[in-house]
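> Compute the structure for the input listed below.
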Amino acid sequence: MSTHTALVQKLWNYCNILRDDGLSYGDYVEQLTFLLFLKMADEQSRPPFHPPSQGYGGTGKPSAVPKEFAWPSLLARDGDELETHYRHVLESLGKQRGMLGVTFRKAQNKIQDPAKLRRLIVDLIDKEQWSSLSADVKGDAYEGLLQKNAEDVKGGAGQYFTPRPLIAAIVDAVSPQPGQTICDPACGTGGFLLAAHDHIARLPGLDKAQKKRLKNGTLFGIELVDSVTRLCAMNLLLHGIGGDSDSDLPVVTKDALAGKHGEYDVVLANPPFGKKSSVTIVNEAGEQSKESLIINRDDFWASTSNKQLNFLQHIFTILKQHGHAAVVLPDNVLFEGGAGETIRRALLKQADVHTLLRLPTGIFYAQGVKANVLFFERKPAQEKPWTDKLWIYDLRTNKHFTLKENTLKRTDLDDFVACYHPKNRHKRTESERFKVFTYDELLKRDKVNLDIFWLKDEALEESANLPAPEIIAQEITDDLEAALEQFATIAEDLR
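A predicted model of the protein is given here:
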C-alpha cells in the first residue's frame, strides 16, 4: 500500500468512528481541515522547518496562529474543557485576516463527543509530522478524502466535484505554460488549479524563478461558499501552493459574477449546474426580468438569470487578449434561445471558438447531467468574426459510463487529446468521432444551435444491440430529468 493510500485509509477509518455520532463525510473533512492547519502551523514554527536566524531566536518562524489558540493549547486540554476551548479557537481564528481567516471563517465544531475529539487530535493528527511529508503525499491524501466524500455522498462534495480524468484531459489539451496566470472562477476544491499546477511542474527545464512563481502568483480560485473555499485552501496548502504572505491568497470567497476580478491567460472552470439563479445579471442595455437580486454588468452581451450563460459571459470578460478558456457547460447552453442565442453569436464573433467536446452521461455525481466542454480563445475587436471552424468531438454516442462499475478513466480521453493536437491545433484531421463545422454552417442552424451530432446511436439500430437494463434505466432517468428542467425553464419564462 502506498504512503498516501495508507494515510487516506487511516484518516477515513476515523470518519467511520465519528459517523456513529451523526457526523457527515463533509463535516469530517472540514474538521480535519481545521486541525491539520493548526498542527502544520505549529510544526513550521519549530526547528528544523525554519533555520534559526536573527530575530527568531532559534525557535523556527513565527506561527500565524496566536499562541493561545495554537496546537499545544488543544493537546493540553481534555473533556469538556477541550470542547469549549476548541469552539473558542474556531470562532476567534475566523475573525483573523489572510489564510487564517479563509480557513476558519464561520467555522463550527461538529464533533460533540469530547473523547472522540481528543482521539482525533492526539491519536491521529499529532502522531504524524505533516510538514515533513512530501507535498504529493499529504496533498494526494487530502484529495483522496475529498474524492471519497464525493463518491459516497450525493450532495456535499459531489455537487462541485469534476471527474479527475476529465480535468486531466482538459488541462493536457489547453497545456498551460510557465509564467501564465490561471483562474477558476468556480473553483470548488481546486481540482483544475491543482491539475494546471502539476502540468506546469512536470515541464522540463523550469528555472528557480518559474518554480517560485508557480507556488505563488500563478493560480487564482474564486468560490462562493466559505466551507468549500476552506477545503480548496487546505488542498492547495497541502500541495505546497500559496505563500507565507497573508495578503497573497490563491483562493477567496466571493461571488465571481458580481464583477471582474482581474484578467488571466488561462481560465478553466466547471461552473455550478443549477439552472436558474436568484440573481439576474443585467447588461448595458439594462434589460431586466423578474423580482430577483440585480447585478449590473455592462460588459455582458445579454441579461439572464441562467447561471451557466452568465458564467460563460463572465469567463470571456476575465480572459486576457489571446487568453485560452475551457469551460464545462450543460447542453442547454448550446441550444437555448433568447439570451443563449445572443451569447453564442457574440462569442463566435469575438472569440475563436475552436473545439467542443460532447461528454458522455454517467460521469458526474449530479444525475441527469448532459454536458460538454467548450474551448475558445479571446481575440481583439475586429469586424470579421474570429471563429473560422468549430471542431466537435463526440464522446457521448454509444459510450456508457457509470460512477461505480464503469468509471471514466483518463485513457478514455486519450483519443480526444490526440485529435485536439495541443502542440499545434491547426494540424487536425477529421475522424469518425471528430468533425469540423465552418462558421457559415453554424450560422445557418436554427438559433445558432451548437448541439450537433452525426453518429448513429447503435441502441436505436436494433434490440440486439441494446445496452444492459440498468444503463437504459439510468439514461431514461437522465433524459426525464433534463426534460423536466427544460419544462420548468419554459414555465418560469411564461410567468
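
> Where does the closest residue to L219 other than its chain neighbours sit, in terms of helix or strand?
Nearest non-adjacent residue to L219, counting by CB to CB, 6 or more residues apart in numbering: L193, 4.6 Å away. Every residue, glycine included, has its C-beta placed from N, CA and C. Element membership for L193, per DSSP states H and E: helix 191-201.

> where do the strands sit along the chain?
182-184, 219-223, 251-253, 264-269, 276-282, 293-296, 304-306, 319-330, 351-358, 371-378, 389-394, 434-438 (DSSP state E).

> which strands and helices sit next to the fourth one?
Helices and strands touching strand 264-269, as assessed by 3 or more CB pairs under 8 Å, 6 or more residues apart in numbering; DSSP states H and E, comprise helix 164-174, strand 182-184, helix 191-201, helix 307-317, strand 319-330.

> can I get the ones you listed in a markdown table with distance to D446?
Formatted as a markdown table, the helices and strands packed on strand 264-269 follow (distance: least, CB to CB, whole Å):
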| stretch | distance to D446 |
| --- | --- |
| helix 164-174 | 29 |
| strand 182-184 | 33 |
| helix 191-201 | 33 |
| helix 307-317 | 18 |
| strand 319-330 | 19 |
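
> Could you pull up the residues touching the residue nearest to L219?
Each residue near L193 by CB atoms under 8 Å, 6 or more residues apart in numbering is listed here: I182, D184, C187, L219, F220, G221, C232, L236, I241, P250, V251, L268.

> follow-up on the earlier one: take the strands of the chain and lay them out in TSV including mean pLDDT.
Formatted as TSV, these follow (pLDDT from 0 to 100):
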stretch	mean pLDDT
strand 182-184	97
strand 219-223	94
strand 251-253	89
strand 264-269	97
strand 276-282	60
strand 293-296	71
strand 304-306	87
strand 319-330	96
strand 351-358	97
strand 371-378	96
strand 389-394	97
strand 434-438	97
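
> just those strands: most buried one?
strand 182-184 (a mean of 27; mean count of other CB atoms under 10 Å).

> Note down every partner strand of that strand and its orientation.
Here strand 182-184 is paired, per DSSP bridges, with strand 219-223 (parallel), strand 264-269 (parallel).

> A64 is in contact with G98, correct?
Yes. At 7.4 Å, G98 and A64 qualify as touching, with contact defined as CB atoms under 8 Å.

> Ranking helices and strands of the chain by mean pLDDT, which lands last?
Using mean pLDDT, DSSP states H and E, strand 276-282 stands out as the lowest-scoring helix or strand of the chain, at a mean of 60.

> gap between L408 and D394?
Distance, L408 to D394, by CB to CB, to the nearest Å: 15 Å.

> Revised request: answer the last question for V369.
17 Å.

> again, but for D113
52 Å.

> still on that earlier bit, need the strands paired with strand 182-184 in CSV (columns: distance to I125).
Shown next, in CSV, are these (distance: least, CB to CB, whole Å):
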stretch, distance to I125
strand 219-223, 25
strand 264-269, 32
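
> and L408, what does it touch?
Neighbouring residues of L408 by CB under 8 Å, 6+ apart: P163, P165, L166, P360, I363, F401.

> My understanding was that the second one contacts D414; is that so?
Spelled out, that is P165. No. Applying CB under 8 Å, one finds P165 not in contact with D414, separated by 10.3 Å.

> so what secondary structure elements neighbour the top helix by length along the chain?
Looking across the chain with DSSP state H, the single longest helix is helix 469-494. Applying 3+ CB pairs under 8 Å, 6+ apart, one finds that helix 469-494 contacts strand 276-282, helix 332-335.

> per the record, what domains does this protein have?
3-147, 155-458 (automatic domain parsing).

> The ones you listed: which one's closest to L484?
When the domains of the chain are compared by CB to CB, domain 155-458 sits nearest L484, at 8.6 Å.

> re the thing from before, between the strands of the chain, which one is closest to L480.
Nearest of these (CB to CB): strand 319-330, 15.4 Å.

> Relative to the closest one, what are the paired strands and their orientations?
Here, using DSSP bridges, strand 319-330 pairs with strand 264-269 (parallel), strand 371-378 (antiparallel).

> Now distance to G340 too, for these, in JSON lines please.
Conversion of the strands paired with strand 319-330 to JSON lines gives the following (distance: least, CB to CB, whole Å):
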{"stretch": "strand 264-269", "distance to G340": "18"}
{"stretch": "strand 371-378", "distance to G340": "13"}
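
> Those strands: which one's closest to V228?
strand 264-269 (14.1 Å).
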